[in-house]
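Give me the fold of what follows.
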Amino acid sequence: MARTRKRPEELRSHRWFGTRGLRSFTHRSRALQMGYTIKDFAGKPVIAIINTWSDINPCHAHFRTRAEEVKRGVWQAGGFPLEMPAIALAEPFQKPSTMLYRNMLAMETEELLRGYPVDGAVLMGGCDKTTPALIMGATSMGLPFIYMPAGPMLRGNWHGESLGSGSDSWKYWAELRAGNITEHEWDEVEAGIARSHGHCMTMGTASTMTSVAETLGLTLPGAASIPAPDANHPRMATASGRRIVEMVWDDLRPAEILTAKAFDNAITVVHALSGSTNALIHLVAMAGRAGVDLKLDRFDELARQTPVLANIRPAGQKYLMEDFYYAGGLRAMMSELKDLLNLDCATVNGRTLGENLEGTKIYNDDVIRRRDNPLSASGGLAVLRGNLAPDGAVIKPTAAEPHLLKHTGPAVVFKNYDDLYARVDSDDLKVDENSVLVLQNAGPQGGPGMPEWGQLPIPKKLLQQGVRDMVRISDARMSGTSYGACVLHVAPEAYIGGPLALVRDGDLIELDVDARKLELKVSAEELAKRKAAWKQPPPHYTRGYGAIYSQHITQADKGCDLDVLHYGDPTPDPEVVH
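So this is what the prediction gives:
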């Protein structure tokens, strides 16, 4: 059905540039000061290009060039582009965790779009938290936007062997600690694992969340799978710039795209990818900004009916995102899932998801499996509950050794991250391969910022015995590139007195993934005594953003958003006449 197109005087930016008052005089004269002419912006959609480029973010090293390519598309379509920098959230470098600052980028995005004469936006992100943060902020603002993903880097290489971001870092670090490779070989891995710009090329959080963005309908079809150095990537950037101008004229807003059905599609795709466990937290927060009340139980319901089709590390056997792209990419995988997807969902190119999947093909069905040959018959993530995680926890079964998916063992407890690294390699640590490693106080408040500490290191003496996986439990997250029998996001967290805070050395813990159970085998009476004696640790912050974060952050099952940013009455546009 044809949409009613806006008239130039209906553009939001018209209030800044199009009237004859004193303020519009000032706005126009200052635009002229920058070398533009009146014809450059008069009556044209003003497009904000929110760019998370920074010298400290290697995943977005190409964004200076990509921003110019987006601008080219905006100019071609008759729009007026304005590039606006935003915090980079450089995953490898920012401490204590980029998760502490995801909501800051969301706020910055929302307020950039609200405070300036903007009609629509192209969001440039890709490195882990940038994708949910940018989308959350733009969703709250409600203007038309399109997401331009950074794209995965090229596969790594060491002695002719492909290296995967993160996954091989953990693998070879363990081998170094076990004495199986030399320091020189470790240095060679370091030099070969990241060979180009772009985000991690495993199915980590970056690839998972850009795939989520495409599945939700927020990118151009096929955008998420294109490797960053590929010539198709700048072409996609320019096409995104052209398309956002048309979206503004058509007034195609996120409220039409981000529906409950669209979020079901995203969850289904995350399971089929065996994507990052971080997707649960981000999707709950993103849905909350769109007014969709997404519960953890919905993830589990869809997991039971969704096969794992993407044979991509760390859950897969050997392939990386470059292989996924050559095999047909995300659209090809979704074409195998059509009966599980809501194909009538709207997308940013004006077509439905189903229409965007027409004509797709799988070119390598070992990389993208057919339905009759899945990597796993059911979804790549499982939500656990029990007296240790009343509000839920998550595990990626496909990334764990199968024998550990039903396991009972004695707890070895670390009270925080410093305690873990002080003792985990100690020769006198009382631990064996049946033990359950427990990390406390690593959650949203306890970390602070819920760092990716959930892949607890295997104790050195067990590595030397050949042990490569153990059951590990924490209120932390872990990198999407990580692997192992790691139970994560335990809620409520230890720092606020959740049951995880009450675990002691030697307590038996039962994990049963098929039954979705996580139980501390301690009586209710004993737990009540421990809770009565428990004292909350001191706050990490007493001022600044950290204090604001600590006062307003929600728990993992609620998406770790700031409670004041949840969906609600829209914030009014600012007055322009004063």
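
which stretch of helix or strand covers the nearest residue to Asp293 once chain neighbours are set aside?
Residue nearest to Asp293 in three dimensions, not counting chain neighbours: Ala287, with 7.4 Å by Cβ to Cβ, 6 or more residues apart in numbering. In short, each C-beta sits where N, CA and C put it, glycine included. Assigned by DSSP states H and E, Ala287 belongs to helix 278-289.

got the contact list for Leu258?
Listed by Cβ atoms under 8 Å, 6 or more residues apart in numbering, the contact partners of Leu258 are Thr139, Leu216, Leu218, Met286, Ala287, Ala290, Val292.

what would these look like in a markdown table with distance to Tyr545 and neighbour count?
What follows is those, written out as a markdown table (distance: Cβ to Cβ, whole Å; neighbours: other Cβ atoms under 10 Å):
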| residue | distance to Tyr545 | neighbour count |
| --- | --- | --- |
| Thr139 | 22 | 26 |
| Leu216 | 28 | 27 |
| Leu218 | 27 | 30 |
| Met286 | 21 | 29 |
| Ala287 | 25 | 26 |
| Ala290 | 25 | 22 |
| Val292 | 27 | 19 |
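
May I see those arranged in a markdown table, with pLDDT and distance to Asn157 as well?
Shown next, in a markdown table, are the contacts of Leu258 (pLDDT from 0 to 100; distance: Cβ to Cβ, whole Å):
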| residue | pLDDT | distance to Asn157 |
| --- | --- | --- |
| Thr139 | 98 | 39 |
| Leu216 | 98 | 33 |
| Leu218 | 98 | 33 |
| Met286 | 98 | 35 |
| Ala287 | 98 | 39 |
| Ala290 | 97 | 41 |
| Val292 | 97 | 42 |
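
wait, what's in contact with Val503?
Leu388, Ala411, Val413, Val438, Gln440, Ile509, Leu520.

with the residues you listed in mind, which one is nearest to Arg66?
Gln440 (42.0 Å; Cβ to Cβ).

where does the closest residue to that closest one other than its chain neighbours sit relative to Asp557, distance-wise?
Nearest residue to Gln440, sequence neighbours excluded (Cβ to Cβ, 6+ apart): Ala494, at 4.0 Å. Using Cβ to Cβ, to the nearest Å, one obtains 15 Å as the distance from Ala494 to Asp557.

ok, these two, which is more surrounded?
Ala494 (27 against 23; other Cβ atoms under 10 Å).

could you point out the longest strand in this protein?
Using DSSP state E, we find that the single longest strand of the chain is strand 406-414.

could you say what helices and strands the next helix-or-strand element following that one packs with?
Following strand 406-414 in sequence order, the next helix or strand is helix 417-423 (DSSP H and E). Helices and strands touching helix 417-423, as assessed by 3 or more Cβ pairs under 8 Å, 6 or more residues apart in numbering; DSSP states H and E, are absent.

Report the mean confidence score over the helix or strand that helix 417-423 is followed by.
Sequence-wise, the next helix or strand downstream of helix 417-423 (DSSP H and E) is strand 436-439. Taken as a whole, strand 436-439 carries a mean pLDDT of 98.

Let me see the residues that make contact with the helix or strand following strand 436-439.
Downstream of strand 436-439, the next assigned helix or strand under DSSP H and E is helix 460-463. Contact partners of helix 460-463, identified using Cβ under 8 Å, 6+ apart, comprise Ala174, Arg177, Ala178, Val424, Asp425, Asp427, Leu429, Val431, Asp432, Glu433, Met470.

Give me the buried subset of the residues you listed.
Ala174, Arg177, Ala178, Val424, Val431, Glu433, Met470 (16 or more other Cβ atoms under 10 Å).

Now the two most distant members of the contacts of Leu258.
Leu218 and Val292 (14.3 Å).

With distance to Phe41 added, can I get the contacts of Leu258 in a markdown table?
Shown next, in a markdown table, are the contacts of Leu258 (distance: Cβ to Cβ, whole Å):
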| residue | distance to Phe41 |
| --- | --- |
| Thr139 | 26 |
| Leu216 | 31 |
| Leu218 | 26 |
| Met286 | 32 |
| Ala287 | 35 |
| Ala290 | 31 |
| Val292 | 36 |
